[in-house]
Each structure stands twice: as structure tokens, then as C-alpha cells.
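Asks: I'll drop the sequence and a predicted model, then ask my questions.
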Amino acid sequence: MDTEVSGLKSLENMQKLRELDIRCTNVSDLAPLEDLKNIKHLWADWTKISDLSSLSDLKKLERLSLDSTNVRDLSSLRGLENLKELDLSNTKIVDLTSLKDLTELRDLRLSNTKVSNLSPLSKLKNLRNLDIKNTKVEDLTPLKDLDNLKELHFTYSEI
């Protein structure tokens, strides 16, 4: 059930905020969060979010969930070096290149996306769980050196 919350402006001065759950809201703009440098966990599933640029300076972010959003471009996540969990299931993403240097990433969910190339993940040595169910992935070779990978889900994929 969607809530009536659609804006985050009232949060922009909450500097001590560590966790924020805005799932199933009408929120479409993350700009009020750009100065909340202490956020570690953000759940934004089932929102109207498409632009992640306001997250680029949230260097303490460890968990980000964007399931069922309109996200297409991951370039704003490039410098989030502390990110450990990322859920991009049911989004419009195709290219994972922006994730290639997120070496702390342990859990990545990409189910029901158009992702086909896993090469950008080949150096993510801490990756433990990868969900690529119902994607366009045909080749698992880029994962061959990921010794910490413990769970791999690829049902309904093109492998």
C-alpha cells in the first residue's frame, strides 16, 4: 500500500539520520538527502525514484535498496566505496560498469533486469551473494575468480 508521503524536504536538516525507509511511497526526488552524510541504510523500493545523483556524496552508505524503481543510470554510485548491499531488482538498468570499483559489495540483486554483461563484477572479490534471476546474462565466466561467492541465483536466465 502506497503512503501519501511524496517529498523528503522536511528531512534535509536531520544530520544524524542513519537509516531511512521510504518504501512504497510516492517519493521521486532524493535531493533533500544529499547533505545527510551519515545515512548508512536507505530503502527506497517501490518509489518513483529514477535519479540517483543526490546519493553520490553519501560515502557512509552501506545498504541501498531500489527494487521496483525507475533507475537506469548507476554512475552516481561509482564512489560509494562502503556499499555492501545493493538491490537493483526490477529496475531498468542494463550496464553495471559503474559498480566495478565497489570492492566492499557483498550482496547484489539484479533479478528481472536487462543486465547481460557481468564483466564489471569480475574484481568484486568480497561478493558473496549474487541474484541474476530472469536477466539476459548468458555467460558466468566473469565470476570465475570470485572466491567468496557463496550464493548464485540464475533461474529463468539465458544461461
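Replies: Here it is on my side, so go on. Numbering: from 1, shown residues only.
Asks: Over to the spatially closest residue to Ala31 that is not a sequence neighbour. Which of the three states is it?
Replies: Nearest residue to Ala31 in three dimensions, chain neighbours excluded: Ser54, at 4.7 Å (CB to CB, 6 or more residues apart in numbering). For every residue, glycine as well, the C-beta is placed using N, CA and C. At Ser54, secondary structure determined by DSSP: H, G, I helix; E, B strand; the rest coil is helix.
Asks: what's the burial count for Ser54?
Replies: Counted with other CB atoms under 10 Å, the neighbours of Ser54 add up to 18.
Asks: correct me, but it touches Asp35?
Replies: No. Contact criterion CB atoms under 8 Å: Ser54 and Asp35 do not qualify, at 9.2 Å.
Asks: And the residue nearest to Ala31, how close does it get to Leu66?
Replies: As judged by CB to CB, to the nearest Å, Ser54 and Leu66 stand 13 Å apart.
Asks: Repeat that for Leu8.
Replies: The value you get for Leu8 to Leu66, if CB to CB is used, is 15 Å.
Asks: Show me which of those two is the more surrounded one.
Replies: For the pair Leu8 and Leu66, the greater number of neighbours falls to Leu66 (27 against 20), based on other CB under 10 Å.
Asks: spatially speaking, which residue is in the middle of this protein?
Replies: The chain has Leu86 as the residue nearest its centroid, 3.6 Å off, counting by CA atoms, centre = their mean.
Asks: Kindly confirm my reading that that one forms part of a helix.
Replies: No. Per three-state DSSP, Leu86 lies outside any helix segment and is strand.
Asks: For it, give the beta-bridge partners.
Replies: Counting by DSSP bridges, Leu86 is bridged to Leu64, Leu108.
Asks: Quick one: low-confidence residue ranges for the protein.
Replies: By pLDDT under 70, the low-scoring segments of the chain are 1-4.
Asks: quick one, domains of it?
Replies: Taking automatic domain parsing as the reference, the chain has its domains at 17-78, 93-159.
Asks: where do the strands sit along this structure?
Replies: Ranges of strands within the chain are 19-21, 41-43, 63-65, 85-87, 107-109, 129-131, 151-153, based on DSSP state E.
Asks: Make TSV out of these and add distance to Leu99.
Replies: Listed next are the strands of the chain as TSV, based on distance: least, CB to CB, whole Å:
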stretch	distance to Leu99
strand 19-21	22
strand 41-43	17
strand 63-65	11
strand 85-87	8
strand 107-109	8
strand 129-131	11
strand 151-153	16
